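Visitor: Quick one, fold the following:
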Amino acid sequence: MYQYLYAIADRLPSAWRPPDASVGGPVELRRLGDLVVLVSALERPPEANARTLALHHDVVASTLEASGTVPFRFGVVVDAADLDALGVR
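Guide: Residues are numbered from 1 along each chain as shown. Model (predicted):
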């Protein structure tokens, strides 16, 4: 299983909700110290097309009310176990 990475956010507002659609499964928040990493589970890396690029953009754009956001480039996928090994919970 892979994790698709959208962004790392600092102090995401408590009222934040993910968009209804995403590149993979539902968008999840995983902790990395005081930050959150926005991820979705998926079986294989996504194809780059107009739809998936727009979905990625929508998730990243939803974080712009955070104190800080560092977006990942479209298509960044890591093995779920690798995130766990880095301490991303």
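Visitor: If residue 37 is in a bridge, with which residues?
Guide: Here residue 37 sits in beta bridges with residue 8, residue 30, going by DSSP bridges.
Visitor: which residues sit against stretch 5-19?
Guide: If you take C-beta atoms under 8 Å, 6 or more residues apart in numbering as the criterion, stretch 5-19 is touched by 22-23, 26-27, 29, 32, 34-40, 55-56, 58-60, 62-63, 65-72, 76-78. Every C-beta, even on glycine, is put in place using the N, C-alpha and C of the backbone.
Visitor: pLDDT on it, on average?
Guide: For stretch 5-19, mean pLDDT is 97.
Visitor: That one: end-to-end distance?
Guide: Start and end residues of stretch 5-19 are separated by 15 Å (C-alpha to C-alpha, to the nearest Å).
Visitor: what's the distance between residue 10 and residue 78?
Guide: Noted for residue 10: a distance of 20 Å to residue 78, by C-beta to C-beta, to the nearest Å.
Visitor: Residue 26 now?
Guide: 18 Å.
Visitor: what about the two, which has more around it?
Guide: Shown here are residue 26 and residue 78; by other C-beta atoms under 10 Å, residue 78 has more neighbours (15 against 11).
Visitor: Nearest residue to that one in space, please, no chain neighbours.
Guide: In this structure, residue 78 finds its nearest non-sequential neighbour in residue 3, 5.5 Å apart by C-beta to C-beta, 6 or more residues apart in numbering.
Visitor: Residue 21 too?
Guide: Using C-beta to C-beta, 6+ apart and skipping the chain neighbours, the partner closest in space to residue 21 is residue 55 (5.7 Å).
Visitor: surely residue 87 meets residue 30?
Guide: No - Residue 87 is not in contact with residue 30 according to C-beta atoms under 8 Å; the separation is 9.9 Å.
Visitor: okay, those two: which has more neighbours?
Guide: Per other C-beta under 10 Å, whichever of residue 87 and residue 30 has more neighbours is residue 30, with 18 against 10.
Visitor: quick one: contacts of the helix or strand bottoming out on mean pLDDT in the chain?
Guide: In the chain, the helix or strand scored least confidently by mean pLDDT, DSSP states H and E is helix 80-85, which has a mean of 85. With contact meaning C-beta under 8 Å, 6+ apart, helix 80-85 is reached by 1-3, 30, 37, 39, 41.
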